[in-house]
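Predicted model and sequence follow; I will ask about them next.
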Amino acid sequence: MQRSLYALGLLFLSACHSTVESPKENVSATTVNNMAEAPVDTGMMMLDAPPEELQLIPDTVHILGDFDGDFRQDTGYGVFYAKRGREGNGEEVESNMEYQYIVRFSAADIRAMPVITGRHIRLVNEGDLNGDGKDEISVFEQSMRACTYTVSTWSYSDGRWLRISDYWYIPTACEYISDEDLEKRIVLEDGTVYYYETDVNDSDFPLVRKELRLLRS
């Protein structure tokens, strides 16, 4: 049963995530305080665009770190601000509902990350992976339609957030993965960045270490 859930998760990867890569503002990273449950009635605001004032929207997750290299701690807030589409009724009408998030920052001079679509998001401060003197952030997007996280890593450069990794995937079998386990999925060892991917072809689903190629802007 679990194996079939993993396979189902991978089958729907193309519908699992949608990150609109157009920046807006910022945050910080170092420790992680994440809510893994689906954002049911968190006071989401039905807006065409994220509001400008942080206090207008509830934070779903937050992260600490030095994301702009000024040697001061920043705080990033993942906020659930809109729903798009309609809920299905389980019979005749198929759901095309999408939840939208953005990650905003306490420092006014750090722009927000691009809009992220998923059931929920989780954030991990990866430290300085590319040697630019700033902490990078990994975003784990829970698919709306499969038990899968889509993972991407971002760096703040020249006033905007740039994705510095290819997308990769974590099948979850719809089971909770702890913050500690997510933090261990990407590591920097001897100057090389690695990620741990689930081997879905092995019935024990072991984690396999692979090199994470960093994209250059």
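Perfect, I can see it now. Residues are numbered from 1 along each chain as shown.

can we go C-alpha only for contacts and neighbour counts from here?
Noted.

Considering only helices and strands, which part of the chain has the lowest mean pLDDT?
Between all helices and strands in the chain, the lowest mean by mean pLDDT, DSSP states H and E belongs to strand 32-33, at a mean of 34.

average pLDDT for the next helix-or-strand element following it?
Using DSSP states H and E, the helix or strand that follows strand 32-33 in sequence is strand 59-65. For strand 59-65, the mean pLDDT works out to 81.

Against which helices or strands is strand 59-65 packed?
strand 32-33, strand 74-84, strand 121-127 (3 or more CA pairs under 8 Å, 6 or more residues apart in numbering; DSSP states H and E).

what's the angle between it and strand 121-127?
Orientation of strand 59-65 against strand 121-127 (axes from the mean of the first three to the mean of the last three CA atoms, to 10 degrees) gives an angle of 0 degrees.

oh, and call the first residue 203 from now on, that's how I've got it
From this message on, residue numbering opens at 203, which makes the last subject strand 261-267.

Can you list the strands that strand 261-267 pairs with?
Applying DSSP bridges, strand 261-267 is found paired with strand 234-235 (antiparallel), strand 276-286 (antiparallel).

Let me see the ranges of the strands in the protein.
In chain order, the chain shows strands spanning 220-222, 234-235, 261-267, 276-286, 300-307, 317-319, 323-329, 338-344, 350-359, 362-365, 370-373, 388-391, 394-400, 409-413, with DSSP state E as the criterion.

Could you dump the ones you listed into a markdown table and include distance to residue 380 and mean neighbour count?
Listed next are the strands of the chain as a markdown table, based on distance: least, CA to CA, whole Å; neighbours: other CA atoms under 10 Å:
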| stretch | distance to residue 380 | mean neighbour count |
| --- | --- | --- |
| strand 220-222 | 23 | 14 |
| strand 234-235 | 11 | 17 |
| strand 261-267 | 14 | 23 |
| strand 276-286 | 18 | 23 |
| strand 300-307 | 20 | 25 |
| strand 317-319 | 21 | 23 |
| strand 323-329 | 10 | 25 |
| strand 338-344 | 12 | 25 |
| strand 350-359 | 13 | 22 |
| strand 362-365 | 24 | 22 |
| strand 370-373 | 13 | 21 |
| strand 388-391 | 14 | 16 |
| strand 394-400 | 15 | 17 |
| strand 409-413 | 15 | 13 |
